[in-house]
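Enquirer: Give me a 3D structure for the following:
(chains A, B and C)
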Amino acid sequence: MNRREALKSLSALAAVGAAATTRASATEMTGYPTDMTVAKDMLPRPAIAGGARQVLTDDTAERTISAVFDRLIPGDELGPSATEAGCVDFLDAQLADRFGAGASLYREGPKRANEDDLMQTPQFIATPRERYATGLRALEAYAQARDGASFADLQPNRQDEILRGMEDGSVQLDDAVNTKAFFELMLQNVREGYFSDPIYGGNRDMAGWKLIGFPGARYDFRLYTDRLGEALDLEPVSLIPRD
Amino acid sequence: MANWKWIAGGVVVVAAVAVGGWVWTTVDTSRNAGADDQIALADFVSDDTDAIARGEYVMRSADCAACHTQGQGDFAGGYEIGTPFGTLVSSNITPDRDTGIGAMTERDFFDAVRQGQGSKGMLYPAMPYTAYAKLTDQDMHDLWAYMSTLDPVSNAIDENAGMGFPYNQRIAMLGWNMLFFDNSGFKGDAGGADRGRYLVDAGGHCSSCHTPRNALGAEISDNYLQGARVDGWYAPEITSNPHQGLGQVSVDDIAAYLGTGTDGHAMASGPMADAVEHSLQYLRPDDLTAMAQYMKSVPGSGVTTPAPMDLTATRGALAYEVNCAACHGVSGEGMGLLVPAFADNHAVLSDDATNLARVMLLGARAAHTQAAPTGGGMPSFAWKMDDAQIADVLDYIRNSWGNAARPVDPALVTQMRSSLDARNKITAGE
Amino acid sequence: MATNQKADVVIVGLGWAGSLMAEELTRAGLNVVAIDRGPWMDTSTHTPPAVDPDELRWAIRKELFSPPKDNTLTFRNTTDQVAVPQRDFGIFELGGGVGGAGFHWAGMAWRFDPYDFEIRSRTIERYGIERADDGELQLQDWGITYDELEPFYDRFERIAGISGKAGNIQGKINAGGNPFEGPRSREYPTPALKTLRSMEVFNDATTRMGYHPFTIPVANLSQPYVNPLGVSMGACSYCGFCLGFGCGNYSKSSPQACIFPVLMRRKNFRLLTESCVIRVNKAEDGETVTGVTYVDAQGQEHVQEADIVCVTAFQVDSTRLLLLSEIGQPYDPRTQEGSVGRNFTFQTVSGVDMWIEGEQMNPFIGAGGLGSQIDDYNADNFDHSDLDFLHGAGMLTLARDGLPISKAGKLPEGTPRWGAGFKQAYKDHYQTYTTIFNQGSSMPIKQGYLDLDPTYTDKFGQPLLRVTYDYSQSDRNMAKFTMDRAVEIAQEMGAQHITPFNFADKPFTTAVIASDHVIGGTPMGADSRTSVVNPWLQSWDCHNLFVCSASVFPMNSGYNPTGTVGALAIRAAQAIVEKYVPNPGPLVEA
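Expert: You can find the predicted model right below:
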């Protein structure tokens, strides 16, 4: 709505909004776009809090990843465990989103044998969603084969032992699973869940941020730049506060 | 929207009094007799460069280009407006004989601009002839000289083809004119002592937006320039009122605002940005000063400054620090010529908080001018905040750093979110 | 195939280089069309303060970058290996939208050192030819001196509003600035940002050690500013969301914040978004180019003809576009003949992570480029006679390290990475961590180059670019040397826990992000046999083709590249207006 339209309607004809002359994603642009609302693609994509599982629909898989996450970040007097903080909700939402689909990855073949060595990091054509499916299945199978029980039902010490083995390379779950890389994927994702904005399903009540004293989605610290070396104890803030 | 009632009212009036005896005062064009009625614009050549230059200035002050230039050639018309009654299109006012106004004589031109009587019949009052009626003969002659220098553009426009019956009947405008059109011309010294009033009332047509209207769409003279809603915006009070008007704003600041889009505190956006970009930035400093002086002399509304709200129990301060401070400043000081201040900015204190609610919901862009070309953007918050949160943060900026204003009703935000078709606060899983 | 109306100039890629050139060219009255493969992006509609502070989305998922799915390349260390594709995000942080990488950059805004531009001549002069020609290195001068570029550095800094403290104004050394920098014509347009805690500790220690710390010049503005184009910028609010992020309050210089407000409103400028240039079209005579072919968002091919083509894409894309267009002779590492793809370099990085017990760094307060640096071991500021390397590193500490996911791995050696021990350690050390980052130079080598991959292709079926590169022995030695100095500084800073790191003690890889500064491929120079463009950035092969990108640097210095890209872009655009347009043809005889 601009002034011309407004004038016309004032003079007895009500305007209902003319089409913007320049679309934000138009191929050809001259001048600035007229729509000043935040572009739809840029809006956050929050997780469905307490919603039905979208990817981790298999009970065993959910129990396994929950058990792993709670060993990686256990609950204690410093704060909630990973699952208590919503990290499995977070993971499910991420796996359902672009991340899980490997939407940003170059997945063209051929996959060469020397990729991991040259790159010095494991390379995958599989998506994270696929890697979780095979990885969790392999982990459960490993526990069943070695301990005759579900991974989730093992004693915490034993769970830690297996996880340490995955981490240092001494445990190989399955020929099809790069076990060390799968451990790193889970560790990275649980940290993401614990320390990312609560809108993504984890970091419930900003427990992760409170643990270390990170004040969250703030955008102005000019009130504090002269207080060098002081504990500021700023209240953490979410990108989309609930209150 | 309330506006459609106005035209409905106008049509009713036509039905009742269309042939009444008091028609002729509003259609009387005898005061245009000084205009030439022989030479068509397409044939008219002026060698009076001073007149042409003055005429261009009149064109700027009357903001003709804003409506008559729309990507189809300068002044070639084609600007579309959707209405509940159909689409209106601005006309081609280049000297093209067939599709523009090339066949008009100077007299025809005077009749159209000052009395709304065009070559195709009555103009819709979308063309602000109600204000242009006050343009002096001299300014009209100069404008005519300027129009003759425009490049003719062949661009056929059917202005009201998109209007359905009965709104495509131009004669319907007669009734409205009979009731409300003052055809008496400007009274005073347009080039001297009354210069400010002349610029505000004639070419500037400020009251078109800033004066509230009655049920039939006519300006209420008792509330002249005291602020009015304009389709989802609020054209604020621009009188001497000290709270929400210009009473406490200096003449220099007002002139700077008009000429550049900002005085370093307030910042033009929305319809006012258009006015600044297309028209006011081209005016001479002395004219802007005259306009400012005049507006500060206009009697204000009785709106008073309330006691500031007590916000100690609210979350407004945190919301401000998190969402607003990075641009508007930790103390509401704004950011140079880029972002408006809140402290001591009377434009944010109006009882009517329409503009604030609107820019929170949809965002806005500031005016861009030669002097201040940036045109910074205000982001939209409709996706992030609900109506009460928006009202809370607005209360905060209106009642901090020495500001004091009346509470913003969350219902206003609710109503505007609906009428502007702004999105709702984001929910999970969208 | 559709053909658009011919333009005077077509610009390929509207990042810093493209928009600086477009601004100069349109101001001179030329009709300019810019083509960018990304979508429109702007401050308030795309990265406002309510969208920006989201570490997961922008720093971890990197959603502002062009993803490898759309734009990647292949890599190998040596010519006897088979190159493999970079599948996930690596060192190539390409812009995902209009504004290019200039939209998401951190904001360190350096000038290169006078030594850099004449690195071959000056090395030979001071250390002898055997140091320059050691068999591995391929040093060459830029064909331009620092003094020639100075006015354009100044212009870029004015447009971007850079905040800093000059150390050398016309030869006079200023306290508080960098005493080693090349002479500047005047002070920075805005003062330096505030000194935050990590910087304070670094400054105190390095001063005690006899070094010369100063605040890094940055595109995170210390105060509101109006640039020479009339564009207003805001003041940095120290939010810390810069590298990989947009900027919500107009305080980080970018094409959007500094140039678009005037450029986009010029009637002789048009922008085509979501349109990917796939080829520069050569004329029949082979002496000139006729324009470019691009693919729009619907997959339709178009031709945009123009009298002048400016390739201003990211370094790898500019190089690849020339190779795909078969302009110039590709570099051959066996013979060192040919020039397109020559002198790929990187940034040789080492340093230390450290933890100072009892400290309260408040690391979430900061800005993308904010930090302190010493240049005592950068460029040729110290005597290399008895050292086994050339050049050096800018050694800096940062004030921007508070993002909690990214930092979760930054814990002292021996600390558990998970479990209860991790929680306790992260709680204890989040506030005590700081770093010294040695941003080391990168010397060109005969075996480091870019060409087209024989196997892997992009979504248009065109070959990916192939990187062949490994660190030179000189660079490895330099990284080790500066790492040892960093350890000494960390000790002086009082760190109880010190973890040195050195990316160059292993082979180079594109997958591990030591830096995102990739350089070379279309080097500039005065000798047409060893360069792709002449000192005016004009192609030696087609005189109406200009290339401006970090691809034109013949080597990389111990500084971030953007300031030098900006200066070169302005200089090239002014040469087009003042020299080329009046008299089209080669500006330098080959």
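Enquirer: what's the helix or strand for A:Arg71?
Expert: Counting by DSSP states H and E, the element that carries A:Arg71 is helix A:59-72.
Enquirer: partner strands of the biggest strand by length in chain C, parallel or antiparallel?
Expert: The single longest strand within chain C, with elements called by DSSP state E, is strand C:301-311. Here strand C:301-311 has these sheet partners by DSSP bridges: strand C:2-3 (parallel), strand C:7-12 (parallel), strand C:289-295 (antiparallel), strand C:545-547 (parallel).
Enquirer: what residues does chain C put near chain B?
Expert: Neighbours of chain B within chain C, by Cβ under 8 Å from any Cβ of the partner chain: C:42-45, C:48-51, C:224-226, C:229-235, C:237, C:239, C:248-250, C:261-262, C:265. Every C-beta, even on glycine, is put in place using the N, C-alpha and C of the backbone.
Enquirer: Now intersect the residues you listed with the strands, please.
Expert: Per DSSP E, these map to strands at C:225-226, C:232-233.
Enquirer: any idea which helix or strand comes after the longest strand of chain C?
Expert: helix C:315-324.
Enquirer: Quick one: list the elements packing against that next one.
Expert: strand C:276-282, strand C:301-311, strand C:449-457, strand C:463-468, strand C:519-521 (3 or more Cβ pairs under 8 Å, 6 or more residues apart in numbering or on different chains; DSSP states H and E).
Enquirer: what's the most buried one of the ones you listed?
Expert: strand C:519-521 (a mean of 29; mean count of other Cβ atoms under 10 Å in any protein chain shown).
Enquirer: partners of it, with directions?
Expert: Assessed with DSSP bridges, strand C:519-521 is paired to strand C:342-345 (antiparallel).
Enquirer: Mind listing residues that contact the partner strand?
Expert: C:138, C:140, C:331, C:442-444, C:448-450, C:467-469, C:518-521, C:523, C:530-532, C:553-556 (Cβ atoms under 8 Å, 6 or more residues apart in numbering or on different chains).
Enquirer: if we can go back for a sec, most neighbours, which of the ones in strands among the residues of chain C next to chain B?
Expert: C:Met233 (30 neighbours; other Cβ atoms under 10 Å in any protein chain shown).
Enquirer: picking up where we left off before, tell me the one of the ones in strands among the residues of chain C next to chain B nearest C:Leu323?
Expert: Comparing those against C:Leu323 with Cβ to Cβ places C:Met233 closest, at 37.6 Å.
Enquirer: residues in contact with that closest one?
Expert: B:338, C:161, C:221, C:224-227, C:250-251, C:253, C:257-258.
Enquirer: Please repeat the previous calculation with a cut-off of 7 Å.
Expert: Residues near C:Met233 by Cβ atoms under 7 Å, 6 or more residues apart in numbering or on different chains: B:338, C:161, C:221, C:224-225, C:227, C:250-251, C:257-258.
Enquirer: any idea where the strands of chain A begin and end?
Expert: Under DSSP E, chain A gives strands at A:28-29.
Enquirer: ok, for the residue nearest to the spatial centre of chain A, nearest residue in space, not its chain neighbours?
Expert: Chain A has A:Gln94 as the residue nearest its centroid, 4.9 Å off, counting by Cα atoms, centre = their mean. Among residues not flanking A:Gln94 along the chain, A:Gly100 sits closest, at 6.0 Å (Cβ to Cβ, 6 or more residues apart in numbering or on different chains).
Enquirer: still on that earlier bit, take the contacts of C:Met233 and lay them out in JSON lines including pLDDT and distance to C:Val309.
Expert: Formatted as JSON lines, these follow (pLDDT from 0 to 100; distance: Cβ to Cβ, whole Å):
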{"residue": "B:Leu338", "pLDDT": "95", "distance to C:Val309": "35"}
{"residue": "C:Gly161", "pLDDT": "98", "distance to C:Val309": "30"}
{"residue": "C:Leu221", "pLDDT": "98", "distance to C:Val309": "33"}
{"residue": "C:Pro224", "pLDDT": "96", "distance to C:Val309": "37"}
{"residue": "C:Tyr225", "pLDDT": "97", "distance to C:Val309": "33"}
{"residue": "C:Asn227", "pLDDT": "98", "distance to C:Val309": "28"}
{"residue": "C:Tyr250", "pLDDT": "97", "distance to C:Val309": "32"}
{"residue": "C:Ser251", "pLDDT": "98", "distance to C:Val309": "34"}
{"residue": "C:Ala257", "pLDDT": "98", "distance to C:Val309": "27"}
{"residue": "C:Cys258", "pLDDT": "98", "distance to C:Val309": "24"}
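Enquirer: Pick out whichever of those sits closest to chain A.
Expert: Set against chain A, the nearest of the contacts of C:Met233 by Cβ to the nearest Cβ is C:Ser251 (10.5 Å).
Enquirer: I figured the closest one hits C:Cys236, correct?
Expert: Yes - C:Ser251 is in contact with C:Cys236 according to Cβ atoms under 7 Å; the separation is 4.2 Å.
Enquirer: Find residues that contact each of the two.
Expert: With Cβ under 7 Å, 6+ apart as the test, C:Ser251 and C:Cys236 both reach C:220-221.
Enquirer: quick one, what contacts the residue lying closest to A:Gly102 once chain neighbours are set aside?
Expert: Nearest non-adjacent residue to A:Gly102, counting by Cβ to Cβ, 6+ apart: A:Thr127, 3.4 Å away. Residues near A:Thr127 by Cβ under 7 Å, 6+ apart: A:100-102.
Enquirer: Please repeat the previous calculation with a cut-off of 8 Å.
Expert: Counted by Cβ under 8 Å, 6+ apart, A:Thr127 has contacts A:100-102, A:105, A:107.
Enquirer: returning to that earlier point: I'd like the helices and strands packed on helix C:315-324 laid out as TSV, including mean pLDDT and distance to B:Val153.
Expert: Shown next, in TSV, are the helices and strands packed on helix C:315-324 (pLDDT from 0 to 100; distance: least, Cβ to Cβ, whole Å):
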stretch	mean pLDDT	distance to B:Val153
strand C:276-282	98	35
strand C:301-311	97	27
strand C:449-457	98	49
strand C:463-468	98	49
strand C:519-521	98	49
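Enquirer: okay, those strands in TSV with distance to A:Asp160 next?
Expert: Output for the helices and strands packed on helix C:315-324, formatted as TSV (distance: least, Cβ to Cβ, whole Å):
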stretch	distance to A:Asp160
strand C:276-282	50
strand C:301-311	55
strand C:449-457	41
strand C:463-468	41
strand C:519-521	45
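Enquirer: my read: B:Ala51 touches B:His141, true?
Expert: Yes - B:Ala51 is within contact range of B:His141, at 6.9 Å (criterion: Cβ atoms under 8 Å).
Enquirer: what's the longest helix in chain C?
Expert: Using DSSP state H, we find that the single longest helix of chain C is helix C:473-492.
Enquirer: Excluding chain neighbours, what is closest to B:Ser90?
Expert: Nearest to B:Ser90 is B:Tyr79, by Cβ to Cβ, 6+ apart, at 4.1 Å.
Enquirer: can you list the weak-confidence ranges in chain A?
Expert: By pLDDT under 70, the weakly predicted segments of chain A are A:1-26, A:49-50, A:243.
Enquirer: Just want the residue of it that's nearest chain C.
Expert: Counting by Cβ to the nearest Cβ, chain A gets nearest chain C through A:Ser104, at 3.4 Å.
Enquirer: tally of neighbours for the closest residue to that residue other than its chain neighbours?
Expert: Spatial nearest neighbour of A:Ser104, excluding adjacent residues (Cβ to Cβ, 6+ apart): C:Pro67 at 3.4 Å. By other Cβ under 10 Å, 20 other residues sit near C:Pro67.
Enquirer: is it true that C:Pro67 touches A:Arg107?
Expert: No - applying Cβ under 8 Å, one finds C:Pro67 not in contact with A:Arg107, separated by 11.0 Å.
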